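[1] Quick check, what structure comes out for this input:
(chains A and B)
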2 protein chains.
Amino acid sequence: MARTKRAGRRTGNPDTRAEILAAARRLFAEEGYESISMRRIAAEAGVDPSLIHHYFGSKDDLFLAAIELPMDPAPEVAAVLSQGGVEGAGGRLMHAFVTIWDGPHQDKLLAVVRTSLSKPAMSFVLRQLFEHRIVKTVESVLGDQVDHIPARASFIASQVFGLVVARYILKLEPVASLSADQLGVTVGPTIDRYLTMPIEHLLAEQGK
Amino acid sequence: MARTKRAGRRTGNPDTRAEILAAARRLFAEEGYESISMRRIAAEAGVDPSLIHHYFGSKDDLFLAAIELPMDPAPEVAAVLSQGGVEGAGGRLMHAFVTIWDGPHQDKLLAVVRTSLSKPAMSFVLRQLFEHRIVKTVESVLGDQVDHIPARASFIASQVFGLVVARYILKLEPVASLSADQLGVTVGPTIDRYLTMPIEHLLAEQGK
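    The predicted structure follows:
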């Protein structure tokens, strides 16, 4: 906890903060983001709900802190998609994604991914982050241009998470050392295809 | 060890077998597949080299046992690629890959992937498996039709490992429940593009 403390900021009792985080992590992993209220987390941690607001602000902020994500990806995704709409969105998304991952947060992002992929309860939490922060952001920006965004997002995720694995975990060359520009050009079109391919019939076969 | 013992097969002293596996795992993780000899593993385990041949057969077989992979992926990759060459190879590869993963080995395959992604030393071992079994197999079958196969393979891996993450770990819908046929149609073209996209200029920029 001490390492995240900033000069001049009131962080209060580190034990209380840690207890809230542990309770949040447990409840998010067991029951999911949607169904868990701040009040419920406060009860689980044995603290007054106002303390959660004091330490963490919103439920989104608490969620990001609980999974130890160093930044909220949603505003970045919204900004990138807003500049130009669906045309070339894949390349822009890939470029922004790689630029963030290559930056100062890489170690923390990698720690979140490693934990999320190795522990089933945390995989569920990463899925919630994806569905409730990323997919909803994409829908809010591209919803009038692209149909079936949650379904398309699962394909996009299959490429984006795989890029993390190939570039940052397995370090396969040349994917590991190409620039953000080069990955925008090579991997971006994959995302564009997932944003535009016919998908209705697949979902119909699934009865969805 | 007892669970892998087959009726009528001489498995010898389980401690010796486990010691050989532990030594192999350690050496593969530290120094890589290529540079480690069977003799070296025998010395590390404190056993006679003939015992390794007795328990495991070839170095490839020992490697697969060390990483606890329930099957050798190379013959399957070779068979799929041989049926029809590069044309439509992505769809065939994806279909075969999903069929294997959906089969009885899923739990063991998932265990290998989870371990490989969460522990850096095991990530290195998974990279060796990929480079020395999969990439070399692809080169042996498609080498006269496709250039720069190791480089293209790193892009293909970024999609294939990502599919594992999205379908089997995060369970994102509909990727998690589509059939092998449907994933062949939707994800296969991504692999086809990585097999055929211009790549020379990227490698030239890298000085490779």
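[2] alpha carbons only for contacts and neighbour counts from here, please
    Will do.
[3] who's in contact with the closest residue to chain B within chain A?
    As assessed by Cα to the nearest Cα, chain B sits closest to residue A:162 within chain A, at 3.3 Å. Taking Cα atoms under 8 Å, 6 or more residues apart in numbering or on different chains as the criterion, residue A:162 is in contact with B:157-163, B:165.
[4] What's the separation between residue A:91 and residue A:27?
    Look at residue A:91 and residue A:27: by Cα to Cα, to the nearest Å, they are 36 Å apart.
[5] which of those two has more neighbours?
    Ranked by neighbour count (other Cα atoms under 10 Å in any protein chain shown), residue A:91 and residue A:27 place residue A:91 first, with 24 against 19.
[6] hang on, the more buried one packs against residue A:182?
    No: using Cα atoms under 8 Å, residue A:91 is not in contact with residue A:182, being 9.3 Å away.
[7] What is the helix or strand harbouring residue A:26 packed up against?
    Remark: residue A:26 resides in helix A:14-31, with elements defined by DSSP states H and E. If you count contacts as 3 or more Cα pairs under 8 Å, 6 or more residues apart in numbering or on different chains; DSSP states H and E, helix A:14-31 packs onto helix A:38-45, helix A:59-66, helix A:120-129.
[8] mind saving the C-alpha coords of the first one as PDB?
    Right, the one you point to is helix A:38-45. Listed next in PDB are the C-alpha coordinates belonging to helix A:38-45 (Å, rounded to 0.1, in the frame of the first residue of the first chain):
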ATOM      1  CA  MET A  38     -20.600  -0.300  -2.700                       C
ATOM      2  CA  ARG A  39     -22.800  -0.900   0.400                       C
ATOM      3  CA  ARG A  40     -22.300  -4.600   0.100                       C
ATOM      4  CA  ILE A  41     -18.500  -4.200  -0.200                       C
ATOM      5  CA  ALA A  42     -18.600  -2.000   2.900                       C
ATOM      6  CA  ALA A  43     -20.500  -4.600   4.800                       C
ATOM      7  CA  GLU A  44     -18.100  -7.400   3.700                       C
ATOM      8  CA  ALA A  45     -15.100  -5.200   4.800                       C
END
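[9] quick one: it to chain centroid distance?
    23 Å (Cα atoms, centre = their mean, to the nearest Å).
[10] Taking helix A:59-66 as reference, get the angle to that helix.
    Between helix A:38-45 and helix A:59-66, the angle comes out at 40 degrees (axes from the mean of the first three to the mean of the last three Cα atoms, to 10 degrees).
[11] ditto for the longest one
    On the basis of the same axes, to 10 degrees, helix A:120-129 is oriented at 140 degrees to helix A:59-66.
[12] ok, residue A:30 touching residue A:121?
    Yes: Residue A:30 is within contact range of residue A:121, at 7.2 Å (criterion: Cα under 8 Å).
[13] Quickly list the domain ranges of chain A.
    A:16-66, A:74-205 (automatic domain parsing).
[14] Mean pLDDT added to those, as CSV?
    Shown next, in CSV, are the domains of chain A (pLDDT from 0 to 100):
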stretch, mean pLDDT
domain A:16-66, 88
domain A:74-205, 92
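[15] Rebuild those domains as TSV, extending it with distance to residue B:132.
    Below are the domains of chain A laid out as TSV (distance: least, Cα to Cα, whole Å):
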stretch	distance to residue B:132
domain A:16-66	38
domain A:74-205	12
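[16] how about the ones you listed, which one is nearest residue B:72?
    Ranking the domains of chain A by proximity to residue B:72 (Cα to Cα) places domain A:74-205 first, at 19.3 Å.
[17] And the closest one, end to end?
    End-to-end for domain A:74-205, by Cα to Cα: 32 Å.
[18] Chain B contacts on chain A?
    Counting by Cα under 8 Å from any Cα of the partner chain, chain A comes close to chain B at A:114-115, A:117-118, A:120, A:123-124, A:126-127, A:150-151, A:154-155, A:157-167, A:169-175, A:178, A:182, A:190, A:202-203, A:206.
[19] on that earlier part again, what's the most buried one of the domains of chain A?
    Ranked by mean neighbour count under mean count of other Cα atoms under 10 Å in any protein chain shown, these are led by domain A:74-205, which reaches a mean of 19.
[20] rewinding a little: and the contacts of residue A:162, which is closest to chain A?
    Lowest distance from chain A to these (Cα to the nearest Cα) belongs to residue B:162, with 3.3 Å.
[21] Find the residue closest to the closest one in space, skipping its chain neighbours.
    Of all residues not flanking residue B:162 in the chain, residue A:162 sits nearest, at 3.3 Å (Cα to Cα, 6 or more residues apart in numbering or on different chains).
[22] Quick check: phi and psi on that neighbour?
    The phi/psi pair for residue A:162 (degrees, to the nearest 10) reads phi -70, psi -30.
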